[in-house]
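Undergrad: model the following, please.
(one chain, ligands or ions: 1)
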Amino acid sequence: MNRVERPQGLVSQGGSLGDPGEGEPSRQDRPGVFASPLGCFVVLEGIDGCGKTTQLEHLGQWLPTSGLMPAGAHLLTSREPGGTPMGRALRELLLHPPTGASPCSDAELLLYAADRAQHVCQVIRPALEAGDWVLCDRFSGSTAAYQGYGRGLPLERIAALEGFATGGLEPDLTIWLDLPLEESLRRRGGRAADRIEASGHAFLARVAAGFATLARQRGWQRVDASQRSEVVTQECQAALLGYAAQAPEGRADG
Ligand code: Z5A
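TA: Next up, the predicted model:
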């Protein structure tokens, strides 16, 4: 695969990666990324307003100079939904649908899966296969939390769909920014709620509890997100350093 020089920053703001070219193997035909584990895939998860965007920016600046990334590797920062051009259209539909166009829970699940399939195919997997690092705001854990624990859709059905959408790709490290729901609502302040945020307090409480369960089950790194932003950044850095110290050879230099 040709290496592509990519600027750092949100892929959703000018990503330069295209679809696999004609004649290239389809996503399903390619070997799994872990067959040649070169890059590293790090995900930030948590309820709305827990500080993912803020930490993505801080870590995005720190990582390339941290000594953790192998020489020559690039860092790509991205988010879901909306990490590709198609995903940005889906994001608008999911969060700000026109009147009468709100998806039912099953359709909502499928739209998030479509966003993820495109994101993995067009952005994440090619970057990892090129040996680059990807730092992403939300991934599969958010679907389990919001559509599973929040909407009440069966977790087994979600897991099966996720396997199809991601081709089995899982993050190397997930950092869970743990913030009490009341604090997240306080941080939102007077900002208008999007469709998901407007789903009601009971829904958001189920999502928050779902994240706690998932973090336990999946071995996510918990960081107390109610601390000052600088402290949260330091603890995220510590989680990355800890991961690198025990990562298989080739994943990280540190
Ligand atoms: N969703 C889903 O249902 N299923 C899925 O599979 C996926 C997503 C992938 C995406 O919304 C929505 O889609 C989301 C879940 C759903 N909906 N909800 N609800 P989004 O991407 O637009 O937004 P978000 O991810 O929910 O949250 P956000 O508003 O972008 O917040 P954040 O990135 O986590 O936090 P932030 O923007 O960095 O910080 C929020 C505010 O707090 C801001 O004013 C900061 O200055 C402040 N802040 C940040 N850190 C601190 C600290 N440490 N102390 C004090 N104040 C702070």
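Undergrad: over to F203. Which of the three states is it?
TA: helix (DSSP: H, G, I helix; E, B strand; the rest coil).
Undergrad: how close does it get to the ligand?
TA: Between F203 and the ligand the computed distance is 9 Å (Cβ to the nearest ligand atom, to the nearest Å). Where C-beta positions appear, they are placed from N, C-alpha and C, glycine not excepted.
Undergrad: number of residues surrounding that residue?
TA: Neighbour count for F203, taken as other Cβ atoms under 10 Å: 17.
Undergrad: just checking, it touches G150?
TA: Yes. At 5.2 Å, F203 counts as touching G150 under the criterion of Cβ atoms under 8 Å.
Undergrad: looks to me like G242 is in a helix.
TA: Yes. With three-state DSSP as the criterion, G242 is part of a helix.
Undergrad: can you pull the residues of this protein lying near the ligand?
TA: Proximity of the chain to the ligand (Cβ under 6 Å from any ligand atom) is limited to residues 48-54, 80-81, 112, 138, 142-143, 146-147, 187, 196-197, 228-229, 232.
Undergrad: filter the residues you listed down to the buried ones, PyMOL style.
TA: Buried members of those, defined by 16 or more other Cβ atoms under 10 Å, are picked up in PyMOL with:
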select buried, resi 48+49+50+51+52+54+80+81+112+138+142+143+146+147+196+197+232
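Undergrad: out of the residues of the chain next to the ligand, list just those in helices.
TA: Assigned to helices by DSSP state H, the following of the residues of the chain next to the ligand qualify: 52-54, 112, 142-143, 187, 229, 232.
Undergrad: so among the residues you listed, where is pLDDT lowest?
TA: The lowest pLDDT within these belongs to R187, with 93.
Undergrad: the protein: helices as residue ranges?
TA: Counting by DSSP H, the helices of the chain are 52-62, 85-95, 105-119, 125-129, 140-143, 155-166, 181-188, 201-218, 229-246.
Undergrad: and those helices as a markdown table, adding distance to L44?
TA: What follows is the helices of the chain, written out as a markdown table (distance: least, Cβ to Cβ, whole Å):
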| stretch | distance to L44 |
| --- | --- |
| helix 52-62 | 4 |
| helix 85-95 | 17 |
| helix 105-119 | 15 |
| helix 125-129 | 17 |
| helix 140-143 | 10 |
| helix 155-166 | 17 |
| helix 181-188 | 14 |
| helix 201-218 | 12 |
| helix 229-246 | 8 |
